[in-house]
Each structure stands twice: as C-alpha cells, then as structure tokens.
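Student: next come a sequence and a model predicted from it.
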Amino acid sequence: MSWIDIGPVGDIPLRGARKVRTAMGCVAVFRTGENQVFAATDTCPHRGGPLSEGIVHGTGVTCPLHNWVFDLQTGQARGEDAAITTFPVQVRDGRILIDGAKLAARSAA
Amino acid sequence: MTQKLVIIGAGMASGRVIEHLVETDPDAFDITLFNAEPRGNYNRIMLSPVLSGEKTYADIVTHDDDWYVAHGVTCRFGEAVTRIDRDAKVVEGANGPVPYDKLVIATGSAPFIIPVEGKDLPGVITYRDLDDTNAMIEAADAGGKAVVIGGGLLGLEAAAGLAERGMDVTVLHLMGHLMERQLDEAAGYLLRRDLEKRGITIRTQASTVAILGEDRVEGVLLEDNTGLEADLVVMAVGIRPETRLATDAALDVGRGISVSAQMQTSDPDIFAVGECIEFDGHLFGLVAPLYDQAKVLAQSLLDDGAAFVVKDTATKLKVTGCDLFSAGDFAEAPGREDIVLRDPGRGIYKRLVIEDDRLVGAVMYGDTADGNWFFGMIKDGTDISEMRETLIFGPAYQGGDTADPLSAVAVLPPDAEICGCNGVCKGTIVDAIAGGATDLGGVRAATKASASCGTCTGLVEQLLQVTLGDAFEAPAVQPICGCCELTHEDVRRLIKSRELKSQAAVWQELGWTTPNGCHVCRPAVNFYLLADWPLEYRDDPQSRFVNERKHANIQKDGTFSVVPRMWGGITNPTELRAIADAADKYNVPTVKVTGGQRIDLLGVRGEDLPFIWADLNKAGLVSGHAYSKGLRTVKTCVGTDHCRFGTQDSTGLGIKLEQVLWGSWTPHKVKLGVSGCPRNCAEATCKDVGIVCVDSGYQVGVAGAAGMDVKETERLCDVVTEAEAIDVTIAFVQLYRENAKYLDRPYKWVAKVGLDWVKERVVNDLDERARLIAAFELSQSIYRRDPWAEHARRAQAFQPMADLSLEAAE
C-alpha cells in the first residue's frame, strides 16, 4: 500500500462527499454521520450518475440520478446485480489517506 | 538488598504501583515519590463530584500523609522534576538530586490547549487536577456565564458541575454530537436533551476561533462570527501524554512514552505507567487499564514476569441523572450488524454491535443496568448466536423460549404497560376491546393508548389481533419508507406536537430503525423540521437532493443548468449582457428560454458554478431557484402598462409576489401566474396559485396543475385590493408549507384536505390568516436570501478535494 494524503477530513461534511480527480476518472470520498470515511468510483454503473452528489445515509449512498443505493463498505448495489469499486482509505491525524497502489492498479487494468 | 526506586508523579497509576509493591514485598524498595502538585494521590475521577459539591477533597484522598509515613515512602510533593540523568542514574528535583536504581515515570497527561488568541487570559482554565477544580468552584461562586470548550466526558462533567453551582453554562463542541468517541448520534442526542433540561446550552459543530477579553476573559468568538459572553472559559478538548522528561532524557517517545508489555521504556532501568505511555499504538485515559498496568509494573519491578494486554474499556459519565454506558467498538464496519432498541416514552436507547456472532460494542442511554453484563460478553467474546433474538433485552430475558410477537403479547400479564406515554396497561386495553373498541381509533378514543407518541401502535394492533382473532383487520398504512412505521402525516403531526427540533430528535422519538434515515425520508424530515421550527432548525444541505444542495439542476451528463431570477419575467439590457457574457465565458452550449419566462444556461460544469454565479451576482442577478422545492417563478403578462385589455398592473403584482415569496422552501415546487385580464396570457389558471385581474379586483385561484396531470385552478376567493391578493397568496403558501406531505404539489394536497378547509383558514378566519402571514415572514427572515451569493464565497467546496491524476498514473 502507498498512502496518499488527499486532505483534511473536515473538508467533507458529515453525511457528505467530495470528489478526487485521478488519471482514470473521479473517485468519490464519503464521510458518514458517524465520521467514517469511504472511497469508491464516483460513477454509478447504471447511467453514470455522480455518486459524490448523492445523499449519504448510514453507510450507504443513493445515486442522485435514479436512486440506486450502494453500500459503501462493499460497493454492492442494493437490489441490483451491480457494484462500484471501493478503495482503501484511512484517517490519520485528521487527514484522509487513500491507497495509491489500488488506484494505480485500477488505471493499469 | 533494598533498591532505590524513584517515582515521578503521584497519580492514580503510580499510587496503585506503590500499593502492590508494599503489599507484596515491603522491603524490596526504598521509594521516593515526586509530585508537581503539592499533595499525594487522590481519586482524580471523583473531581467532578467535588466540582458539583457532592463531595469534598477530603472524601477523595486515596493516600494521606500517614499512609506514606507508614509505608516508608519519601514524599517530594510540590516539587517538579527538572531532569533525568540516565548516565548518573539520578533524578534532579528543584530541591536537589535523588539517585535511583529503578525509575518509574508516571507524569500522566496534560490538557490540550487549543491554539487560539486569548488562550492565556485570566479566567481561562483547564480541567485536570484539584487546583483547576478549586479555581472553577471559586469562579462559580461569583456567578455569571461559563463557556466550556469540549463536549467530551470531562467537558460535560465540568459543565454539569458549574451549572449545579449556579452558572449559566454553554458547551461548545466541534463535532456533530456530544461524546462522539463514546456515543453514537442517537445516544448523543438523548444526552444533549437531558443536559439541556438542566439549563445547559449545547452548541455542536461550534469551532472556537478566539477567546476575547482585555485583562481577563470576557467572551468567546466562534467561526460563524457568533460571540458568546463568558466570565469563565473551561478548556476541556482533550489530553495528551506528558512526555517532556522522557523526551529530554532521549527515551523512545511516540505519541506517549513507548513501553513494552512489561512497562519498560527503552532504558531497562526506567519504567513508565499511566496516561503518559504509549503501548502497541494505544494511549490510555480511563482508569481500568491504568490499574492493569500498575499491577504489571509492580510485578516487573519484582522480577515476576507479567505482561500487559489491552482490553476493551467501558465508559460511564459521572453526571447525576444522565445514565449512559459505552463499551467496545460501535463503529459500523463490514460484517457488523446492529441491534437497536429505542423506547421513546422512557428516553431509552440501546445499541449492540455484533460481529461473527460475538458482541463487539454496546451503547446505552437511559437504562444502563445491563451494561456490565454486555461488557462482560464483549470482554469474554461470548458466542451470542443462541440468544441473539432477545440479547438486547438483557440477562433477565435469557433462557426462555423465543416466541413470535403475537404470543409474546398474549402472555403479557394484564398489568404490563403497553403505552408508556399515557400509562395504559394491557388489561385496560383488552377491556376496551371487549367493550366495543374494535379498531385502533376505538382503542385510542377509549384508553388514550397509542394516542401520544404512537410507537406502541404495533403493540396495540397485536392486542387487537390477539383479542379479536380474525375479526381484526390491521389497517394498511403507508409508512414514509422502510426506516420507520409512521406516515408522512403522523411524522408532521408529531414533529409539531412533541416539539421535535432536530433530526436526531425525530430518529429517536419516533423510533427510526436506521441511524440517519435514507434518501426517501431524510429530505422530507428536513423539510418538516425547517418548516415547523424556522429559528431552531436550519436547512441541512446533506439532506437535500443534489439540485437543492448545488443550487443548480444536474443534467444527465453531470453538468448543471443555471437560471437567474427575472422578477415577474422582466429583464433589461444590462442583465441580458451579463447573461450573454457568462454564456461566452463558461462555454455554455445551450441557452434556452423557459416556460416560466426565464433564461436557462444549460451545460455548466459543476466546478464553474460558484464563478458563474459570482459574475451574474455582479450584474444584480440572483438565483432563480429553478432547482428547488420552493417558489420557482411568477409568470406575468404586461398588464396595464402596455396592453389595451389589461385591467390591473399584473406585472407589478407578479414582481411583488415574487419578491415576497422567493427563497422559501415548500413541500414541492410552487409556480405562480398573474394575468392582467381574463384572456389569461400568463396561463394563470393552471398554476399552483393563479391570479386573474378583473375590473373589480383580483380572482385568486389555487391548486392548478399542468404537468403529469392537467387541472384548472379552483377559486379560492375574489379580493378587491392588490394587498389582499398578496396576503391571501402568502397565507395559502404558508398553510401548504405547514400541512402538506413532502413532494405533494398544492393540487394534490388541496384534494386531500378539501378546498373548504383551506378557505376557512386562509379566507374566512382573519386571525388565522394573520398568523399564517406572520409565520411565513418569520421563516423568510432566515431564507429570503440569495444562496448563490453565499455559495460563491466558498468556491473551494465545488472543486475536487484533491487531484491525483499524476500520482495515480505512476
């Protein structure tokens, strides 16, 4: 793993999300009401809706376009045979770190 | 042979070390005990009862002077250690050096002081030791206002103690809910409620930027520019290990002094214990692990191999009447499941977190009697698969058969309480059913059961079913979503009647089954709260759909559309130039005139939104709210200004209406039209509110539709003056805001309540009309402002938080 600092956790509102631009498209970084942080592809596999614009509830997010709901812990869509790719993240000393190796692996794939 | 043992710090951990040593082998060591405080070991945990006046210092002394004498401990109290000389094996105190064979560092922790201006003013104190406590007691005797910075364990105990001593206390907490490290949001809400009942003001998400005052503290300034008066500021934001001596002596120090499982530092003759250490990445602040460490350290000093292991710890708050318990790990994580029990009537919340058939965490509020039983299961890793269904009811319920809910209700004794709000027991309800109350409404009317908070409705229905058998048909109610069992109407009613003023209050009091709702219920609850409590509750962007959060409509390709407001559909060359310039500057691919007489710029990139808004703002253009469940547009014709048929100034009325109504949030979008004559060029008769001007005045119609359904407005009333037309319109919109279900357009709502019901309140009852107008104005005092201008100031939030396009490609 190679952890990359993407910013302070306070930059994402509770129950909110922000985007991170990467070589292979945007990654959405979510912060739940309980202050957990998750990262996943920003693009809904259904019609490409930006998940970082969705409503974050519990540990899920609802796509703003057609209300597909994804579990941020697994990436699995609820009630659909679809999933988004999740990326390891951690919060250390108030900063969010994302796993660069996994991002790179995705861009190589 | 007796060795020389020097201990730096006479706190609870080192006190326990000495106890173990003198019990096990009193002759092994010749002990010298340094303490910077001018006193020995006392029970620091009990400082809160001292602060609140329930105990005195004498009550909490653990080791008095006689004890130290009896056990031959040489005390150097009130003397700070200045240096450890490892080569000479000497500790240097202010009054002279002491040689050691073994050294124990037990310097504890120091309060964390937030680095803001004014932090050193007299009147700003921390909460750590007896001197701090006495300083607070002295300040409280003078009365006045206290601000406690930090809503954790220590801060809240300080706040409660100061309130007990008669101060007017405000707690500032940076996070979203109190004690976020020990409690989840629901338990944090209950704690807040109980503290507020004692007159303590709680402000969450409150970031202190400065402490104000000339010669001593006078107030606190928050990030949102709120100023709070303060005669006393207590800083209780956290602690950090006190490692200075160890660092100076070049011992290994991470966040705390690094120790092995034997409590040994990087120097084999130096040990450390308590809050100053770091072991295996952990820091320690609660007493239980400190006592474990003390025991291990005593054994290490006596060469009796022992090892410290980190165990889960449980937390309790020492504020009388606030009963909370938290243990283990209760964060959500893959593979974890929650069991939640809420009893709104009694203010009880319990949550168990289960992983692999084992209990890993527990949070309880209101009833913590079973806390230690759960804590035992967490520590022991007990397999709970057998008792999973009844686990949350505690040990009293274990061992019996797990039964279906109906038979569980059937076996309840007649004096079992069903409705906690109204104190109605099972026997009373069964009697009422036998007496002819054969449905929920009948039981409610006869007994008041389920007539208050409604959470026992399910139980009452089960009783009906058990008592009546197949003769009972459970009514089909449509709950808002899977998160709760209540309808929109019930939730609205309960938010008003029970004065629920926060989302956490709704989730707890109305028995939500999810931590913070979902995309269906949360936007609705957010609207209901802001409509009913405009001053107490503020719109929550995270509970809004994307369009309302972004103040722009998202398009299918992820770009947005921007529609500036044109009051009554009137514009001018300056505005048009500004729009044209913006369209050029931001490469807007499509510019369209809308049905509501506005200009729509389609295809703007999300990152550009704050900049295009700022440009439009400069020309005097504000948000057109083309994205909101709120007032959209007032469409007008040219009225008497230019048209030969116009009977009244329809354009002027439209502009006035739009200026009154803009910015308001409503259950669904609201569109108005004002036509200057019955030819109706503004198509007013298919709007939510449509006014048609006639020679004798104004015909006000409501509840029209021209979307999925097409429907002509119904006549609400005819009025003579323009002012009354405006009053009636405002009152109608406010009545709709107060009563309609979220996402019901006015025509759907009017169909449910009936036009006569609306007329009675808006047209006939002039007092009610005045109340509605006043309530609308109160809400507009908050919301009648341009969201674009506010968002344009924080453009950063619209940009990606980081750009890794280079790094990720490596």
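Tutor: Received it, and whenever you're ready, just let me know what you need. Numbers count the residues shown, from 1 in each chain, chains lettered A, B, ... in the order given.
Student: sketch out the low-pLDDT regions of the stretch 351-500 of chain B for me.
Tutor: Flagging of the stretch 351-500 of chain B using pLDDT under 70 yields the residue ranges B:396-408, B:411, B:420-423, B:451-456, B:473-477.
Student: which residue does it bring closest to chain A?
Tutor: The minimum distance from the stretch 351-500 of chain B to chain A, using Cβ to the nearest Cβ, falls at B:Cys483 (8.6 Å). From N, CA and C alone the C-beta is placed, and that goes for glycine too.
Student: okay but that residue is in contact with B:Thr514, surely?
Tutor: Yes - using Cβ atoms under 8 Å, B:Cys483 is in contact with B:Thr514, at 4.5 Å.
Student: B:Ile773: neighbour count?
Tutor: Per other Cβ atoms under 10 Å in any protein chain shown, the neighbour tally for B:Ile773 reads 20.
Student: which residues of the stretch 451-600 of chain B lie near chain A?
Tutor: Within the stretch 451-600 of chain B, the positions adjacent to chain A are B:514-519, B:522-523, B:541-546, B:549-550, B:554, B:556, B:558 by Cβ under 8 Å from any Cβ of the partner chain.
Student: apply 7 Å and report the result again.
Tutor: B:514-519, B:522, B:542, B:545-546, B:554, B:558 (Cβ under 7 Å from any Cβ of the partner chain).
Student: ok, back up a step: higher neighbour count, B:Cys483 and B:Thr514?
Tutor: Using other Cβ under 10 Å, the more surrounded residue of B:Cys483 and B:Thr514 is B:Cys483, with 23 against 18.
Student: just to be sure, the more buried one is in a strand?
Tutor: No - according to DSSP: H, G, I helix; E, B strand; the rest coil, B:Cys483 belongs to no strand; its state is coil.
Student: what's it sitting at in phi/psi?
Tutor: phi -80, psi -20 (degrees, to the nearest 10).
Student: mind checking pLDDT for residue 15?
Tutor: All of this refers to chain A. At A:Arg15, the model reports a pLDDT of 94.
Student: actually it's chain B I care about, not the one you picked
Tutor: 93.
Student: tell me which element it falls in.
Tutor: Using DSSP states H and E, B:Gly15 falls within helix B:12-24.
Student: which other residues reach the very next helix or strand once past that helix?
Tutor: Remark: after helix B:12-24, the chain's next helix or strand is strand B:29-35, criterion DSSP H and E. For strand B:29-35, contacts defined as Cβ atoms under 7 Å, 6 or more residues apart in numbering or on different chains pick out B:2-10, B:18, B:21, B:73-77, B:79, B:81, B:93, B:98.
Student: give the buried residues for strand B:29-35.
Tutor: Neighbour-count burial for strand B:29-35, counted by 16 or more other Cβ atoms under 10 Å in any protein chain shown, picks out B:29, B:31-35.
Student: try stretch B:201-220
Tutor: Using 16+ other Cβ under 10 Å as the test for burial, stretch B:201-220 gives B:201-204, B:206, B:208, B:211-213, B:217-220.
Student: what are the contacting residues of that stretch?
Tutor: With Cβ under 7 Å, 6+ apart as the test, stretch B:201-220 has contacts from B:114, B:116-119, B:121-124, B:147, B:149, B:151, B:169-178, B:192, B:195-196, B:221-223, B:227-230, B:233.
Student: span of that stretch from start to end?
Tutor: 14 Å (Cα to Cα, to the nearest Å).
Student: got it, and stretch A:81-95?
Tutor: Stretch A:81-95 end-to-end distance (Cα to Cα) = 34 Å.
Student: which ones among the contacts of stretch B:201-220 also lie next to chain A?
Tutor: Within these, those near chain A by Cβ under 7 Å from any Cβ are B:Gly176.
Student: from the contacts of stretch B:201-220, which ones fall inside strands?
Tutor: B:124, B:147, B:149, B:169-172, B:221-222, B:227-229, B:233 (DSSP state E).
Student: what is the neighbour count of B:Gly394?
Tutor: Counted with other Cβ under 10 Å, B:Gly394 comes out at 17.
Student: which residue comes closest to it once chain neighbours are left out?
Tutor: Once flanking residues are discounted, B:Gly394 sits nearest to B:Asp370: 3.6 Å by Cβ to Cβ, 6 or more residues apart in numbering or on different chains.
Student: so B:Thr62 makes contact with B:Gly15?
Tutor: Yes - counting by Cβ atoms under 7 Å, B:Thr62 touches B:Gly15, with 5.7 Å between them.
Student: the more surrounded of these two?
Tutor: Shown here are B:Thr62 and B:Gly15; by other Cβ under 10 Å, B:Gly15 has more neighbours (24 against 17).
Student: wait, doesn't that one sit right on B:Val61?
Tutor: No - counting by Cβ under 7 Å, B:Gly15 stays clear of B:Val61, with 10.6 Å between them.
Student: what's the domain layout of chain B?
Tutor: For chain B, automatic domain parsing gives the domain ranges B:3-109+B:241-301, B:113-237, B:323-397, B:405-471, B:488-543, B:546-623, B:633-785.
Student: lowest average pLDDT across those domains?
Tutor: Looking at the domains of chain B, the bottom one is domain B:405-471 with a mean of 76.
Student: run through the helices of the stretch 351-500 of chain B in chain order.
Tutor: All helices of the stretch 351-500 of chain B, identified by DSSP state H, counting those that start in this stretch, fall at B:371-380, B:405-410, B:426-434, B:440-447, B:457-468, B:488-497.
Student: show me the contacts for B:Gln799.
Tutor: Contacts of B:Gln799 (Cβ under 7 Å, 6+ apart): B:Glu607.
Student: what's the per-residue pLDDT of it here?
Tutor: 89.
Student: as CSV, the buried residues of stretch B:201-220 with distance to A:Cys26 and secondary structure would be great.
Tutor: Below are the buried residues of stretch B:201-220 laid out as CSV (distance: Cβ to Cβ, whole Å; DSSP: H, G, I helix; E, B strand; the rest coil):
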residue, distance to A:Cys26, secondary structure
B:Thr201, 41, strand
B:Ile202, 37, strand
B:Arg203, 35, strand
B:Thr204, 31, coil
B:Ala206, 32, coil
B:Thr208, 35, strand
B:Ile211, 41, strand
B:Leu212, 43, strand
B:Gly213, 47, coil
B:Val217, 47, coil
B:Glu218, 48, coil
B:Gly219, 44, strand
B:Val220, 40, strand
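Student: which of the residues you listed sits closest to B:Val443?
Tutor: For the buried residues of stretch B:201-220, the closest approach to B:Val443 (Cβ to Cβ) belongs to B:Ile202, at 38.2 Å.
Student: now the nearest residue to B:Thr2 once chain neighbours are set aside: how far from chain A?
Tutor: For B:Thr2, ignoring the flanking residues on the chain, the nearest one in space by Cβ to Cβ, 6+ apart is B:Asp30 at 5.1 Å. As judged by Cβ to the nearest Cβ, to the nearest Å, B:Asp30 and chain A stand 43 Å apart.
Student: which residues does B:Asp30 form a beta bridge with?
Tutor: B:Lys4 (DSSP bridges).
Student: circling back: can you redo the domains of chain B as CSV with distance to A:Ile55?
Tutor: What follows is the domains of chain B, written out as CSV (distance: least, Cβ to Cβ, whole Å):
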stretch, distance to A:Ile55
domain B:3-109+B:241-301, 35
domain B:113-237, 16
domain B:323-397, 17
domain B:405-471, 25
domain B:488-543, 4
domain B:546-623, 8
domain B:633-785, 14
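Student: please report how far the residue located most distally from the centre of chain A lies from A:Pro8.
Tutor: Most distant residue from the mean C-alpha position of chain A: A:Asp93, 20.0 Å away (Cα atoms, centre = their mean). Distance from A:Asp93 to A:Pro8, counting by Cβ to Cβ, to the nearest Å: 10 Å.
Student: for B:Glu278, phi and psi?
Tutor: phi -130, psi 130.
Student: what's near enough to touch it?
Tutor: B:241, B:254-258.
Student: try 10 Å this time
Tutor: Each residue near B:Glu278 by Cβ atoms under 10 Å, 6 or more residues apart in numbering or on different chains is listed here: B:241, B:243, B:252-259, B:272, B:284.
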